[in-house]
Structure formats: structure tokens, C-alpha cells
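> fold the stuff below for me.
(one chain, ligands or ions: 3)
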Amino acid sequence: MTKTAVNEQIYPPLIIFIGMMGAGKTTIGRALARELSIEFIDLDHEIVQRCGVAIPTIFDIEGEDGFRKRETAVLAEVIQQKNIVLATGGGAILATENQALLKKGLVVYLKASADELFCRIAKDSNRPLLKTENPQDKVKQLLAVRSPIYEKLADITVETGNQTIYATVKKLKKAIIALQENT
Ligand SMILES: Nc1ncnc2c1ncn2[C@@H]1O[C@H](COP(=O)(O)OP(=O)(O)O)[C@@H](O)[C@H]1O
Ligand SMILES: O=C(O)C1=C[C@@H](OP(=O)(O)O)[C@@H](O)[C@H](O)C1
Ligand SMILES: [Mg+2]
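Numbering: from 1, shown residues only. Ligands and ions are numbered 1, 2, ... in the order given. You can find the predicted model right below:
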């Protein structure tokens, strides 16, 4: 685990998970929120709640652009809250407007290799960007474009490939409590 700059917003906690599809943002974010006894919000879930349809349906009807507009609007809304763990979607870091919003919190980048990510999500039909002829290549391409942005935004980076979900949650809990105690 590496820690870079620490911003002012650690206490009260606004902990934001970023990373590729399959990095574990939803799973680890939810588990960490439980450990810290604070609310968990999943950005994709909030978008779906507001639209009343699943993410692939939003992509089908409005395309990626339409989804991104909704994503920015819901992010701007939910990020006003404190005492939450927020899991974003993998592409939420793309818009510069979103990048500024994300810096309001402690940003945790969950990192994994393209092969590991693909293994985790290969059988999941809920990720419309992977409905292509070669989804494994698509993961590689997206990772290449997005990695520098994830790295730039991250306050804490966690390599998830070689450890269990439980171990990652425990490690993060310790790191975040230590940061709070030093703030
Ligand atoms: N560190 C990990 N090790 C192994 N499997 C993981 C890990 N993190 C997540 N997974 C699995 O990968 C899949 C995708 O996780 P998810 O939390 O939905 O990722 P994201 O929200 O980043 O797309 C789930 O089946 C989850 O159980
Ligand atoms: O990487 C992306 O662009 C996306 C990731 C998804 O969320 P997860 O990262 O939670 O899978 C979801 O927001 C949408 O399918 C687009
Ligand atoms: Mg997710």
C-alpha cells in the first residue's frame, strides 16, 4: 500500500474508491463501510435508482455519453455527504469536472492487472463497455487510458491482485484510522 498526498477531508470521513471494473470498489467499499460503521453509497446503484432501469439499458438507450452525464449529476449530489464510503464506477474519473469533485474525499485506488480484472468480470453481463468482440483487449485498452488518471487522483493505492478481500479491508481500515489519528 502506498500513500501519497493526504488532503483535508479525512475527518469526517468521505472515502472514495476508484479503479477499473472488477477492481473491487463495490465489494471492498461496502465491507469497509461496515467495518467503520458508516454509510456505504455505490454510485452506479444511485444512478440506477434514479433512472429506474439497469446500467446496460441506460447505455442502450442513451449511449455512453448519456450515462456519463447522469454519472456526473449523481456524483455531484452524493459527494455533498460526509461520513460515507463511496464506490464510483470505473469511468467516473474521466470527466475533469468529476476529478475536481473526487478530490473532496480521501481517494483510494484499487489496482489490479488487466488479466486479473478480466478474470473477475468475464462472466458478468452487467458491464456494457465489455460487450465487444474481444472484451479482454477492451479491459487492456481501458486500463492503459485510465491508469494515469487513477494514479493522479489517488491518495492511497492498494494492490488487490495478491490478497483476499478481507485482508484488503483490514489493511485499509488500519491505514484510515491511522490517518485520522494524525489529522
Ligand atoms: N480483491 C479481490 N480478490 C478477488 N476477487 C475480488 C476482489 N475484489 C473484488 N473481487 C470480485 O470481483 C468481482 C467484481 O467486484 P466489484 O466489487 O463489483 O468491482 P467493481 O465495483 O470495482 O467493478 C466480484 O465478483 C468480487 O467478488
Ligand atoms: O468502467 C466503466 O466505464 C464502467 C464501470 C461500471 O462500474 P464498475 O467499475 O463498478 O464495474 C459502470 O459504471 C459502467 O458499466 C461503466
Ligand atoms: Mg462497482
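
> quick one: is stretch 107-124 near ligand 1?
Yes. When contact is scored as Cβ under 6 Å from any ligand atom, part of stretch 107-124 falls within range of ligand 1: 120-121. Placement of C-beta: from N, CA and C, glycine included.

> ignore what I typed, I meant stretch 159-167.
Yes. Contact between stretch 159-167 and ligand 1 is present through 160, 165 (criterion: Cβ under 6 Å from any ligand atom).

> mind listing what the residue lying closest to Leu117 once chain neighbours are set aside touches?
Distances taken as Cβ to Cβ, 6 or more residues apart in numbering put Gly22 closest to Leu117, at 4.1 Å, once the chain neighbours are dropped. Gly22 makes contact with 112, 116-118, 120-121, 139, according to Cβ atoms under 8 Å, 6 or more residues apart in numbering.

> tabulate those in a markdown table, adding columns for secondary structure, pLDDT and neighbour count.
Written out in a markdown table, the entries for these read as follows (DSSP: H, G, I helix; E, B strand; the rest coil; pLDDT from 0 to 100; neighbours: other Cβ atoms under 10 Å):
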| residue | secondary structure | pLDDT | neighbour count |
| --- | --- | --- | --- |
| Ala112 | coil | 96 | 21 |
| Glu116 | helix | 96 | 17 |
| Leu117 | helix | 97 | 25 |
| Phe118 | helix | 97 | 21 |
| Arg120 | helix | 95 | 18 |
| Ile121 | helix | 95 | 19 |
| Val139 | helix | 98 | 28 |
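
> and the residues you listed, which is closest to ligand 3?
For the contacts of Gly22, the residue nearest ligand 3 by Cβ to the ion is Ile121; the value is 9.8 Å.

> that closest one contacts Gly24, correct?
No. Counting by Cβ atoms under 8 Å, Ile121 sits too far from Gly24 to count as a contact (10.6 Å).
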